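> Quick one, structure for this:
(one chain, ligands or ions: 1)
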Amino acid sequence: MTARRIALVSIFPEMFAALTDYGISGRAVKDGLLEVRCWNPRDFTSDRHRTVDDRPYGGGPGMVMLAEPLYQALGAARAWAEEGGEAVRSIYLSPQGRQLDQGGVEELSAAGNLVLLAGRYEGIDERIVETLIDEEWSIGDYVLSGGELAAMVMVDAITRLIPGALGHDQSAVEDSFAQGLLDCPHYTRPEEYRGRSVPEVLLSGNHEKIRRWRLKQALARTRQRRPDLLERIELTDEQGALLDEIRHELES
Ligand SMILES: NC(=O)c1ccc(NC2CCCC2)nc1
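Numbers count the residues shown, from 1 in each chain. Below is the predicted model:
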């Protein structure tokens, strides 16, 4: 299985150590499931000050990232991502993009290699978006000082879905969000903690009862906190029955 390649373009390449040096994504890199490489637009400048930004036409506060260093950095990043004839999607992270959710993560996880452009300042020259960016994505309706953290959120979520990235004992498929539900509560030792005990069913060793309890908890939480999510999913017979139980218990 050839490694999935994700190229990043950013003036702060050191930030991506958070992906390559830690956790699930760090392990995926180590195991050769994922390759992450960053290109810094500053390395594609020709002036003494390695300038990557300039003042906005039309005036206004802040600076805009210059097109040429981005053009060259994106070109180098794409060439690496396309090696071996792989399909490549170039993505710009911004609040103007399509909002990322688990469905979007699954789509991107099934796509080819990626080039992720992380902007800074007030943004990038629009002519780069028009000519070199395939898709704009947002991780949520809020403004960040740079696209790097948004890119890392996207890469982390995608990496969890790469086969083999989660240890054998974890599964992205069972992930609550994979089923469109919020997660159930989790407990570990000690059984009694500051006067609060663990739900008996979890100590029972009855795996079917535990599975149902967890599903019921997930459904009750989703119904309580995110009823909009329930609207979106096709309930199984079991889920419908458990929701009925939940409603009856709340009435009594
Ligand atoms: N919600 C987001 O995914 C997001 C992405 C980038 C960003 N800021 C960047 C965009 C261009 C300059 C800073 N803010 C927010």
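> Tell me how many other residues crowd the residue of the stretch 151-252 of the chain found nearest the ligand.
Going by C-beta to the nearest ligand atom, the ligand is nearest to Val153 of the stretch 151-252 of the chain, at 7.9 Å. For every residue, glycine as well, the C-beta is placed using N, CA and C. Residues near Val153, counting by other C-beta atoms under 10 Å, number 15.
> Next, the contact list for it, please.
100, 139 (C-beta atoms under 8 Å, 6 or more residues apart in numbering).
> Next, the buried residues of the host helix or strand of it.
Per DSSP states H and E: Val153 is located in helix 148-159. Within helix 148-159, the residues that count as buried by 16 or more other C-beta atoms under 10 Å are 148, 150-152, 154-159.
> CA atoms only for that helix - export them in CSV, please.
Extracted in CSV, the C-alpha atoms of helix 148-159 (Å, rounded to 0.1, in the frame of the first residue of the first chain):
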residue,chain,number,x,y,z
GLU,A,148,-2.4,25.8,9.8
LEU,A,149,-4.5,24.6,12.7
ALA,A,150,-7.5,24.1,10.3
ALA,A,151,-5.2,22.0,8.0
MET,A,152,-4.1,19.9,11.0
VAL,A,153,-7.6,19.3,12.1
MET,A,154,-8.4,18.1,8.6
VAL,A,155,-5.3,15.9,8.4
ASP,A,156,-5.9,14.4,11.9
ALA,A,157,-9.6,13.5,11.0
ILE,A,158,-8.6,12.0,7.6
THR,A,159,-5.6,10.0,9.0
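> if I look at the residue nearest the centre of the chain, how far off is Tyr142?
In the chain, the residue lying closest to the centroid (C-alpha atoms, centre = their mean) is Met154, at 2.7 Å. Distance of Met154 to Tyr142, computed by C-beta to C-beta, to the nearest Å: 15 Å.
> Then Met152?
Counting by C-beta to C-beta - Met152 and Tyr142 are separated by 15 Å.
> Same question for Ile162.
From Ile162 to Tyr142 the distance is 27 Å (C-beta to C-beta).
> The two: which is more packed in?
The neighbour comparison of Ile162 against Tyr142 (other C-beta under 10 Å) goes to Ile162, with 19 against 8.
> List the residues that contact the nearest residue to that one once chain neighbours are set aside.
Residue nearest to Ile162 in three dimensions, not counting chain neighbours: Leu33, with 5.2 Å by C-beta to C-beta, 6 or more residues apart in numbering. Applying C-beta under 8 Å, 6+ apart to Leu33 gives the contacts 1, 3-4, 159, 162-165.
> which bits of the stretch 101-250 of the chain sit near the ligand?
119-120, 123, 138-140, 142-144, 146-147, 150 (C-beta under 6 Å from any ligand atom).
> Which among those residues count as buried?
Judged by 16+ other C-beta under 10 Å, buried ones among these: 119-120, 123, 138-139, 144, 146-147, 150.
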